[in-house]
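Undergrad: Provided below for reference: sequence and predicted model.
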Amino acid sequence: MVDHLPLAREPQPPLPRRHTLVLLVGRVTTIKLAYWAGLTLIEAALPLVYTSGFAERFPLSVAIAAVATTLTLAWARVAARAVDRVAGALTRSIPTVATTFVATTVVASPASLPLLILERERSLEGCTAGTCHIEAIWYWVAVLVVGTIVIPAVFAASMRPDVSASSLGH
């Protein structure tokens, strides 16, 4: 039967095991949830601490988000390289990189919605009609992009190379 003939002469690298994928999704999801939750809490508390208007507070929001992003990206890099005593090291392969983006986006992205609601409220602050602070919405879009694309990309790029694939000449 033709269906059972191997297509490659070299053995294929093993697919990631379940506990490896659970570790991967857990780590990236935790980082993304902490990032969005932290920024949401800061944005909710900022007007209580710094009572000036939106225009005066917004540069501080951007600066805090930049610091939070830098710290979160460093955390993602360290977490990607950390060795788990049960699952071992996470290695970079097509399945693990795809899982880093797809599964964690599905699981963690709803955590950005409270920040969207808060920023929508900020975009209306001091307005008589309509949105007068569109930068608040752009702030949320930027934070969403960081959480959805940049954090997983840094995590994936920081994983150890898959030595089994490179030893096979791939």
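TA: Structure's in. What do you need?
Undergrad: could you pull out the strands for this protein?
TA: In order along the chain, the chain carries the following strands (DSSP state E): 91-92, 160-161.
Undergrad: Going by mean pLDDT, which of those strands comes out lowest?
TA: If you rank these by mean pLDDT, strand 91-92 sits at the bottom with a mean of 77.
Undergrad: Output the strands of the chain in TSV; the columns should cover mean neighbour count and distance to Ile42.
TA: Every C-beta, even on glycine, is put in place using the N, C-alpha and C of the backbone. Compiled in TSV, the strands of the chain are given as follows (neighbours: other CB atoms under 10 Å; distance: least, CB to CB, whole Å):
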stretch	mean neighbour count	distance to Ile42
strand 91-92	16	32
strand 160-161	12	33
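Undergrad: can you put those in CSV and add distance to Val67?
TA: Compiled in CSV, these are given as follows (distance: least, CB to CB, whole Å):
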stretch, distance to Val67
strand 91-92, 28
strand 160-161, 28
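Undergrad: Of all those strands, which one is nearest Gly147?
TA: Closest to Gly147 of the strands of the chain is strand 91-92 (CB to CB; 20.4 Å).
Undergrad: Report the helix or strand with the lowest average pLDDT across the protein.
TA: helix 163-167 (a mean of 51; mean pLDDT, DSSP states H and E).
Undergrad: Mind checking the strands of the chain for the one nearest to Val154?
TA: Closest approach to Val154 among the strands of the chain is made by strand 91-92 (12.1 Å; CB to CB).
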